[in-house]
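> Let me see the structure of the following:
(2 chains)
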Amino acid sequence: MELLTPDFGTFFWMLVSFIIVLVILAKSGFPALVNMVNERKQYIDDSLKSAREANEKLSHIKEESESILVEARKEQARILKEAMDTRNKIVNEAKDKAKAEGGRLLEEARKQIQKEKDDAIRDIRKQVAELSVEVAEKVLRKQLSSEVEQNGMIERMLDEVSDSKK
Amino acid sequence: MRILRYLGLFLLVFALGFVPMHANGNEAAEGKGTVDVQEIVFGHIRDSYEWHLFSFQGKHVSIPLPVIVHSATTGWHAFSSSHLTHGGEYEGFYIATEGSYAGKVVEKDAQGNEVRPLDISITKTALSLMINSALLLIIMLGVARWYKNRKPSSEAPKGFVGFMEMFVMMIHDDVIVSCVGKDYKRFAPYLLTAFFFIFINNLMGLVPIFPGGGNVTGNIAITLFLALMTFLAVNIFGTKAYWKDIFWPEVPTWLKVPVPFMPVIELFGVFTKPFALTVRLFANIMAGHAIILSLVSIIFITASLGAVLSTSMTIISVLFSIFMSLLEILVAFIQAYVFTMLSAVFIGLARIHHEEHA
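Below you'll find the predicted structure:
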């Protein structure tokens, strides 16, 4: 029976020891471990989740980059074409302008030449007229050195005038 | 190779552990001609005021432990138990040899009757308890220290800390969380402490040399205290639904009124649960110690029966003792596990709510 009767002293020391152990372990023993394990679990879960998300994002990015590449190629082609067009246009415009300018210059030059020519012709005419008048004067002076001739002349002129009046 | 080495070490420890038995046996054999198996077994299982290490050539070598008593007439006394050995008397106290207080410190009152003073001596069980508690604290705080200054993102522990982490989490997740239910957090520290407390005391009880070998969890005061803790946890934190199930369970009305059969049975159950916890742990561990000691005693009983029988029985006895010791290691774990699991289940049952109950 002695084995089956709880001894007060043993019970007392058990109470003291167990309460001390319980308080210390409950305060700084188990919670540290259990919390750490749970936090680590949470961390691993989060890491897996973010890894999955990152993977998804990566595949998205790949798709996106491909589409961006395609678009970029299109854009490049378009820009090249536009540039070509613009170049052609500019060249053509420049050609046209140059042609027009050339034409204008040519025209002006021609006009100038014409004017010069006209002026020159007028001068020549004037000189020719003066010269012919002088020549005629000289000729007349020579021919009309005598009275007879002067009369003859007057006669002839008068005839002419009367002929022309008829 | 490593297993062989451990086995060798184990056998060595075993052999060393039973040196005192041998000496004891010889002495007994020389003195009375027979081995007092009952004395060997109960001498170990019973609590004592000194820690008997071994006997050598008829001399007992023991560690005297402090006796702390409070007498109703003379007040507090504290002295070494070495004063009380071999029937000695000190300050009016002596160890009773017969009667209901046999083996305990008693004194004589005015009428000359043997009376028991208030006895909080640090006995062998109490000292084992303290050593084991200190060991548990050292181990657990050592493990817990690893977690300081570490982040959840740091690597998981390896080696002993890793093993303890796995061990603690096994009890925490498989026993506590699954048995207690959603508010397990409040009870987890107690249940974990109870498990490791019982487990380390069971294991240390199996170590046959000095710091171990105390019969702690095989002492009914220890298991009674543990069961009382569970009893308090169950009944203090019991929900309304739990108390309703005790006093007004959902059974046909004639079972409750006019004679409250079911409430009485249920109320009885409230007290049988911790009682069962107390006795299960106590009986298992005590029986384990008793069986191992009895098996070892076979060697000394058969020593006088001739060389052949003695040798063969010794071999059988050693083999059986090894087997039993291994079995007891298993039992040490199983009993700690069962105690914790049942405590968790009882707490879980006391935490029911009506919506779950419907």
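> Can you tell me the SS state at A:A94?
helix (DSSP: H, G, I helix; E, B strand; the rest coil).
> and B:S80, bridged to which residues?
Counting by DSSP bridges, B:S80 forms beta bridges with B:P66.
> Tell me if I'm right that it and B:V67 touch.
Yes. Contact criterion C-beta atoms under 8 Å: B:S80 and B:V67 qualify, at 7.1 Å. Using the backbone N, CA and C atoms, a C-beta is placed for each residue, glycine as well.
> More neighbours: which of those two?
B:V67 (27 against 14; other C-beta atoms under 10 Å in any protein chain shown).
> Report how many residues lie close to the nearest residue to B:T125 once chain neighbours are set aside.
Closest residue to B:T125 apart from its sequence neighbours, by C-beta to C-beta, 6 or more residues apart in numbering or on different chains: B:D47 at 4.6 Å. Other residues within reach of B:D47, judged by other C-beta under 10 Å, total 22.
> And B:D47, how far from A:L140?
The spacing between B:D47 and A:L140, counted by C-beta to C-beta, to the nearest Å, is 184 Å.
> Show me which parts of stretch A:134-146 are buried, residue by residue.
By neighbour count on 16 or more other C-beta atoms under 10 Å in any protein chain shown, the buried set for stretch A:134-146 is empty.
> again with stretch B:296-309
Buried residues in stretch B:296-309 (16+ other C-beta under 10 Å): B:V296, B:S297, B:I298, B:I299, B:F300, B:I301, B:T302, B:A303.
> can you list the weak-confidence ranges in the stretch 251-358 of chain B?
In the predicted model, the stretch 251-358 of chain B carries pLDDT under 70 at residues B:354-358.
> before we move on, what about chain A?
Looking at chain A by pLDDT under 70, you get A:1, A:166.
> again, only using 90
Residue ranges of chain A with pLDDT under 90: A:1-10, A:28-29, A:31-33, A:35-36, A:125, A:127-166.
> who in chain A is up against chain B?
When proximity is defined by C-beta under 8 Å from any C-beta of the partner chain, chain A lies next to chain B at A:1-15, A:17-18, A:20-22, A:24-26, A:28-34, A:36-37, A:39-40, A:42-43.
> Just list the residues touching the closest residue in space to B:S82 that isn't next to it in sequence, thanks.
Nearest residue to B:S82, sequence neighbours excluded (C-beta to C-beta, 6+ apart): B:P64, at 3.8 Å. Shown in contact with B:P64 (C-beta atoms under 8 Å, 6 or more residues apart in numbering or on different chains): B:E50, B:S80, B:S81, B:S82, B:T85.
> Which strand or helix spans B:V69?
Using DSSP states H and E, B:V69 maps to strand B:66-71.
> hmm, who's touching that strand?
A:9, B:49, B:76-81, B:83-84, B:92-93, B:105, B:107, B:117-122.
> Equivalent analysis for stretch B:320-335, please.
The contact list for stretch B:320-335 (C-beta under 8 Å, 6+ apart) reads B:10-11, B:14, B:198-199, B:202-203, B:205-206, B:217, B:280-281, B:284-285, B:288, B:291-292, B:295-296.
> Outline the domain layout of chain B.
Following automatic domain parsing, one gets these domains for chain B: B:66-119, B:124-357.
> Which residues of the stretch 251-358 of chain B lie near chain A?
Residues of the stretch 251-358 of chain B lying near chain A (C-beta under 8 Å from any C-beta): B:M286.
> how about 6 Å then?
Residues of the stretch 251-358 of chain B lying near chain A by C-beta under 6 Å from any C-beta of the partner chain: none.
> For residue 147, the count of nearby residues, please.
Because you didn't say which chain, this covers chain A. Number of residues near A:E147 (other C-beta under 10 Å) recorded here: 8.
> Let me rephrase: I mean chain B.
B:Y147 has 22 nearby residues by other C-beta under 10 Å.
> same question for the strand holding B:V69, mean pLDDT?
Averaging pLDDT along strand B:66-71 yields 88.
> now the contacts of B:P64 as JSON lines including pLDDT?
Formatted as JSON lines, the contacts of B:P64 follow (pLDDT from 0 to 100):
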{"residue": "B:E50", "pLDDT": "84"}
{"residue": "B:S80", "pLDDT": "87"}
{"residue": "B:S81", "pLDDT": "85"}
{"residue": "B:S82", "pLDDT": "84"}
{"residue": "B:T85", "pLDDT": "79"}
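> Could you tell me which of those residues count as buried?
Looks like the contacts of B:P64 have B:E50, B:S81, B:S82 buried, using 16+ other C-beta under 10 Å.
> if we can go back for a sec, what's near enough to touch the residue nearest to B:T125?
B:T123, B:K124, B:T125 (C-beta atoms under 6 Å, 6 or more residues apart in numbering or on different chains).
> The last one: helix or strand, and which one exactly?
Translated: B:T125. Taking DSSP H and E as the criterion, the element that holds B:T125 is helix B:124-147.
> Run the chain-centre distance for that helix.
15 Å (C-alpha atoms, centre = their mean, to the nearest Å).
> just stretch B:66-82 next, same as before
Per C-alpha atoms, centre = their mean, the centroid offset for stretch B:66-82 relative to its chain is 26 Å.
> distance between the ends of that stretch?
9 Å (C-alpha to C-alpha, to the nearest Å).
> same deal with stretch B:147-166?
When the termini of stretch B:147-166 are compared using C-alpha to C-alpha, they are 14 Å apart.
> ok, and for it, which residues are buried?
For stretch B:147-166, burial by neighbour count (16+ other C-beta under 10 Å) applies to B:Y147, B:P152, B:P157, B:V161, B:M164, B:E165.
> Same check on stretch B:78-97?
Per 16+ other C-beta under 10 Å, stretch B:78-97 contains these buried residues: B:F79, B:S81, B:S82, B:L84, B:F93, B:Y94, B:I95.
> residue ranges of the helices in chain A, please?
A:8-28, A:30-143, A:147-165 (DSSP state H).
> so which of the ones you listed is the most packed in?
Counting by mean count of other C-beta atoms under 10 Å in any protein chain shown, helix A:8-28 has the highest mean neighbour count of these, with a mean of 18.
> Are there helices or strands packed against it, and which ones?
If you count contacts as 3 or more C-beta pairs under 6 Å, 6 or more residues apart in numbering or on different chains; DSSP states H and E, helix A:8-28 packs onto helix B:124-147, helix B:188-206, helix B:220-236.
> any idea which residue sits dead centre in the chain?
Since no chain was named, I'll use chain A. Residue closest to the mean C-alpha point of chain A, counted by C-alpha atoms, centre = their mean, is A:A83 at 8.2 Å.
> That was the other one, I meant chain B.
Mean-position check on chain B, C-alpha atoms, centre = their mean. Result B:T217 at 0.6 Å.
> Looks like that residue contacts B:I200 (just checking).
No. Using C-beta atoms under 6 Å, B:T217 is not in contact with B:I200; the gap is 9.5 Å.
> how near is the residue nearest to B:T125 to B:L127?
Distance from B:D47 to B:L127, by C-beta to C-beta: 10 Å.
> B:P152 now?
B:P152 is 40 Å from B:L127, by C-beta to C-beta.
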